[in-house]
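> Coordinates for the following, if possible.
(2 chains)
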2 protein chains.
Amino acid sequence: MGQTAYRTHHATEVSEALVGQKVTLAGWVDRRRDHGGVAFIDLRDSTGLVQVVIYDEEVARPLRSEYVVQLTGEVRERPEGNENEHLTTGKVEVVVEGLKVLAKADALPFQVSTALENESENKLPGEDVRLKYRYLDLRRPAMQYNLKLRSDMTKAARHALEEMDFTEVETPTFIKSTPEGARDFVVPARLVPGSWYALPQSPQLLKQLLMVGGVERYYQLARCYRDEDFRADRQPEFTQLDMEMAYVDQEDVMAMAEKVIAAIWKTQGHEVRLPLPRISWQEAMDKYGSDKPDLRFGNPIVELTDYFKDTPFRVFQAPYVGAVRFEGGADTPRRQFDAWQEWARQRGAKGLAYVVFGQDGELKGPVAKNLSEQERAGLKEAVGAQNGDAVFFAAGGRESSQLLLGAARVEIADRAGLLKPDEFAFTWVVDFPLFKRTDDPDDDDVAVGHSKWTSMHHPFTMPSADWIDSFDQDPEHAMSDSYDIVCNGEEMGGGSVRIHRDDIQDRVLNVLGIDKDEAQEKFGFLLEAFKYGAPPHAGIAFGWDRAVSILAGASSIRDVIAFPKAGGGRDPLTGAPAPISDAQRAETGVDYDPDEDE
Amino acid sequence: MGQTAYRTHHATEVSEALVGQKVTLAGWVDRRRDHGGVAFIDLRDSTGLVQVVIYDEEVARPLRSEYVVQLTGEVRERPEGNENEHLTTGKVEVVVEGLKVLAKADALPFQVSTALENESENKLPGEDVRLKYRYLDLRRPAMQYNLKLRSDMTKAARHALEEMDFTEVETPTFIKSTPEGARDFVVPARLVPGSWYALPQSPQLLKQLLMVGGVERYYQLARCYRDEDFRADRQPEFTQLDMEMAYVDQEDVMAMAEKVIAAIWKTQGHEVRLPLPRISWQEAMDKYGSDKPDLRFGNPIVELTDYFKDTPFRVFQAPYVGAVRFEGGADTPRRQFDAWQEWARQRGAKGLAYVVFGQDGELKGPVAKNLSEQERAGLKEAVGAQNGDAVFFAAGGRESSQLLLGAARVEIADRAGLLKPDEFAFTWVVDFPLFKRTDDPDDDDVAVGHSKWTSMHHPFTMPSADWIDSFDQDPEHAMSDSYDIVCNGEEMGGGSVRIHRDDIQDRVLNVLGIDKDEAQEKFGFLLEAFKYGAPPHAGIAFGWDRAVSILAGASSIRDVIAFPKAGGGRDPLTGAPAPISDAQRAETGVDYDPDEDE
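The predicted structure follows:
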């Protein structure tokens, strides 16, 4: 990284090649040990550690953890037997001749020393404390690694896109509200009192306008905003690697996106085999009970609707019956099966029916006795189970049953240790429906229109060629040209061919229950743009925080964001959000009353 | 750029090497000419133009300007005498065998054809119309060039920073208000009713926290927000190339920034000679009457305070008298000199005193008769003027007089055609004062504190080494370690060494009239961070819109922003900002009344 005013070398540049030479280093006091009046200090900088030795007690006395020091000294080999194999600089040390304290450090609220990295992370305080002192948390090598990984991934993605002649374009974040399935954050516009900007949920319409504007290949690492309830692992602002191309179809975009993914994963030494596998949305739901199946392991759901079509068991007399195998589950203690019931109830199910195949082949469990003789006899084969397995069942509505079995499938794999963070199973999910019902209670997206149909992706998604003429006559079955990229059961991104004709866009909005006036008011500018020669176009966006967390093996996207928000959108570090002064409020114009004007 | 579903080649890839081969192209109908029943069409895509020939009248009839078409045909050499030297594809044409209209176009509100580019831009409509139909405006080659240039500059800057081991880190845009000299835009936080996020005026404090957090070299192309009155050439949101380094001094940052600048300018074939020249702030003010001097030309201001110290002319009996030479200005008609008076009055001056040196050496003009014999005799030499020149004077306060003469100097050069947009004169401006007076009427920045002193740059700027101990005793003369990079009279960027010790920060805040409680409330987190071992650090930021507009030779930053706002922050394209619904307003929580709670 080169010399600066404060150093000649970085810590890990100190090597045997420098023995006998003077070096000047700067960094933090990572750890200090004293032996016989001599102080041994691990000096830490962004590259790692080197040991420095201080013989002068006067110099050494004040030094404490996380002091910032600059020192000059001679490099020497460590005395025999004192080498540290775990350190790249473990064969050398620096004998300090001069030392200057650049900044002192109070006692830390928690330790950040690299020594901790080899121990359990359990010593870390709770996340609110980590976020309050984020600048200390970031000093930990695990966080340094995450930030560096993110930067390297971004670089790799950009280089891949540059290779493919993409133009990086910055789109505005002060826009007009657009309908994309979540609440907008809004910003009062002081100069137009009573008016507000919306912050973009994505640059969707803007990138489409760029296509109309003749930018044939656009990308941007775009900041996006969604005012949601911060369930689970969401942030109010997030980053999207946003890409759009003109004069392309679905295959072109998928091939492009695969190259970007391969380039990103390569930064960590992973060779991603292209082309990536594909699965239809319907098959993903049928086999994995998920539109983002985790394919690191098999164990697909088995549909048994036909198998149980004449069953005497009332519960299985349902529109859909399915099962998932719990390999080796026969040994599960009864109270753990009870816990599975609780697990299912938390997902909104009534419970989780199961049977057990004893090691001797005997069928047991609460469901077993309700089945017919014939059903019992053929069940093991029908499910593909072995002696010693258990099998979970779900019966009822097709989709809700599949979702439950899909979740059980992942939970089983997790308990069996099959969800390895350093294995990466990508798949495209394709052939999505164009619409979904607005009355789905499991779906907490905001419906875009006012009919019983809303968009599966967004209202700008092109119907597939077979459905162009008829999608509005049969919205339930209409398909779209859209695609999601899934890795390890996480949706890493998604995209679609876009509508580029105003007649098709009008008809889609009509299905969504958005009338002409409302359409005109909300995105009349897009419909207008389509009147002046809009080329066919398609695109994709990667959820960048998610992509980084997958490759980093992080348990939360918060671990790959430099300064994330805690629950409720709070920032324990700065105290944001916070009240504003009356003067500031007056200036925003939010209390503007047009009747009082003039 | 490779094949896609819609084309085998781009327009400008059609060359003599392809004669006799079939190609499939896609793009816009740029221009159409008909000769004897044959249609000649310029097909335009993102690479440029190629001529296609349609013999079938049925096929050709419907085609109009800006229709989007896909066509297949054979490449052939143009008949002798029909070549077009101005086109890279001017020796060939494509004989159309099949053509499909991908999208129609209504009659355009204004023409975007490349043919216009060779004519005057006067044919363009007003800017509000251009912004309303920005997607059409962007199709013009001049705008395509600007977007591509911006992308290329960004790429070059990133690559240079990657070479120097910078880590790209994204910082949040939902932050707590920080004091940086302008109004914040604010965002109501629904989940904490009555509370607001501020949008960052820059990532200043966040990047300093990254330094405290052990990221030694940070960069980001950061979106920033300032709620100003959109004077002149400002946008409510703008982009900053933001860089910060730990364990460095001013020289390290300047050397790094110079490498980035050289890499950027090289994208357009300009070799920037390094190191860049430097000028102190005081010298810039004295010689050029500006803290961002245009050094594409000479003609410095000459101070004449001493020269006129015994003058009989009352106007020149002032704390400061200066002059600037108006080369060849003696021929200026009287009414133009009157216009100069008006020009000066618009800048808040009383007028612009002048003399004229006739071709015969005779001294004329309104001021001449007021001077003493001796003053008249030596004036030409004292100013460095020639026969045939005019000389403008300003007398009064030093700074206001210098600013007037500096503006006159640029205006003279402009009228003489010396402000060439493709010549680039960089300079560092260094040795800035640490503080400036808050009562300066010419300065419309918002004072950060409550005393008569405010920060020249911002409150986190380090006093220079000589002033560390005494800056608070003599704020008027205290200097800082800060630096601006100026190109062609525009401030392209600026930076400083930052304060990394809480004791120094406390003292600076004290000079600014910010007491402990207020400091604690506004940026207590930064002061707290400085307690845990903050390394010395320094940085710089380039105003990216400005940098691009300089290199592009654009007259406004709006020409290098894809979707800029018009005056007052309005977006003629989408209609933003706009009122929000009552329901949306209720959700924002801005009307939250804590007394009504529970």
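> Show me the contact partners of the least confident helix or strand in chain A by mean pLDDT.
The helix or strand of chain A with the poorest confidence is helix A:582-588; it has a mean of 86 (mean pLDDT, DSSP states H and E). Contacts to helix A:582-588, defined as CB atoms under 8 Å, 6 or more residues apart in numbering or on different chains, come from residues A:Pro188, A:Arg190, A:Ile580, A:Asp591, B:Arg183, B:Asp184, B:Val186, B:Asp227. All C-beta spots, glycine's among them, are computed from the backbone N, C-alpha and C.
> got the residue ranges for the helices in the stretch 251-400 of chain A?
With DSSP state H, counting those that start in this stretch, the ranges of helices along the stretch 251-400 of chain A come out as A:281-288, A:334-346, A:373-383, A:398-415.
> Now render the ones you listed as JSON lines, adding distance to A:Glu476.
Shown next, in JSON lines, are the helices of the stretch 251-400 of chain A (distance: least, CB to CB, whole Å):
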{"stretch": "helix A:281-288", "distance to A:Glu476": "13"}
{"stretch": "helix A:334-346", "distance to A:Glu476": "29"}
{"stretch": "helix A:373-383", "distance to A:Glu476": "30"}
{"stretch": "helix A:398-415", "distance to A:Glu476": "13"}
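> Which among the ones you listed is found nearest to A:Trp428?
helix A:281-288 (10.0 Å; CB to CB).
> leaving aside the residues next to it on the chain, what's closest to the residue in the stretch 151-300 of chain A that chain B sits nearest to?
Going by CB to the nearest CB, chain B is nearest to A:Gly213 of the stretch 151-300 of chain A, at 3.3 Å. In space, and not counting its chain neighbours, A:Gly213 is closest to B:Leu138: 3.3 Å by CB to CB, 6 or more residues apart in numbering or on different chains.
> Only the buried residues of the longest strand belonging to chain A, if you could.
Secondary structure of chain A per DSSP state E: the longest strand is strand A:22-35. Within strand A:22-35, the residues that count as buried by 16 or more other CB atoms under 10 Å in any protein chain shown are A:Val23, A:Thr24, A:Leu25, A:Ala26, A:Gly27, A:Trp28, A:Val29, A:Asp30, A:Arg31, A:Arg32.
> for chain A, which spans come out with low pLDDT?
A:1, A:115-122, A:178-181, A:230-232, A:440-447, A:596-598 (pLDDT under 70).
> and if we set it to 50?
A:598 (pLDDT under 50).
> which residues of the stretch 51-200 of chain A fall in helices?
Counting by DSSP H, counting those that start in this stretch, the helices of the stretch 51-200 of chain A are A:57-60, A:127-132, A:134-137, A:141-163.
> Would you check the distance separating the last one from the middle of the chain?
For helix A:141-163, the gap between its own C-alpha mean and the chain's C-alpha mean amounts to 15 Å (CA atoms, centre = their mean, to the nearest Å).
> contacting residues around that helix?
For helix A:141-163, using CB under 8 Å, 6+ apart, the contacting residues are A:46, A:114, A:117, A:121, A:137-138, A:168, A:219, A:221, A:241, A:243, A:259-260, A:263-264, A:266-268, A:542, A:544, A:547-548, A:551-552, A:554, A:559-560, A:562, B:155, B:158, B:162, B:167-169, B:214-215.
> Can you name the next helix or strand after the longest strand of chain A?
Once the chain leaves strand A:22-35, the next helix or strand it forms, by DSSP states H and E, is strand A:38-45.
> do that following strand and chain B meet at all?
Yes - judged by CB under 8 Å from any CB of the partner chain, strand A:38-45 and chain B are in contact via A:Asp45.
> which helices and strands does that strand pack with?
Applying 3 or more CB pairs under 8 Å, 6 or more residues apart in numbering or on different chains; DSSP states H and E, one finds that strand A:38-45 contacts strand A:22-35, strand A:48-54, helix A:57-60.
> what's the first-to-last distance across stretch A:76-84?
14 Å (CA to CA, to the nearest Å).
> Tell me the buried residues in that stretch?
Neighbour-count burial for stretch A:76-84 [16+ other CB under 10 Å]: A:Arg76.
> Identify the residues contacting it?
Everything outside stretch A:76-84 that qualifies as a contact, by CB under 8 Å, 6+ apart, is A:Glu16, A:Val19, A:Gly20, A:Gln51, A:Gly90, A:Lys91, A:Val92, A:Glu93, A:Val94, A:Val95.
> returning to what we had before: phi first, then psi, for the residue nearest to A:Gly213.
Here is the backbone geometry of B:Leu138 (degrees, to the nearest 10): phi -70, psi -20.
> Could you give the number of residues near it?
23 (other CB atoms under 10 Å in any protein chain shown).
> Correct me if wrong: it contacts B:Ala562.
Yes - shown here, B:Leu138 and B:Ala562 form a contact pair, counting by CB atoms under 8 Å, at 6.9 Å.
> Overlap in contacts, these two.
A:Leu210, A:Gly213, B:Leu147.
> Check these against A:Gln520 and report the nearest one.
Distances from A:Gln520 to those, taken by CB to CB, are shortest for A:Gly213, at 21.0 Å.
> returning to that earlier point: quick check on the shared contacts of B:Leu138 and B:Ala562: which are buried?
Buried among those (16+ other CB under 10 Å): A:Leu210, A:Gly213, B:Leu147.
> and the closest residue to A:Pro200 other than its chain neighbours, how many neighbours?
Leaving aside its sequence neighbours, A:Pro200 sits nearest to A:Ile175 (CB to CB, 6+ apart; 5.3 Å). Residues within reach of A:Ile175, counting by other CB under 10 Å, total 22.
> I'd say A:Ile175 and A:Ser202 touch.
No - checked against CB under 8 Å, the pair A:Ile175 and A:Ser202 is beyond contact range at 10.5 Å.
> check contacts around the closest residue to A:Val38 other than its chain neighbours.
Nearest residue to A:Val38 in three dimensions, chain neighbours excluded: A:Tyr55, at 5.7 Å (CB to CB, 6+ apart). Going by CB under 8 Å, 6+ apart, A:Tyr55 touches A:Gly37, A:Val38, A:Val95, A:Val96.
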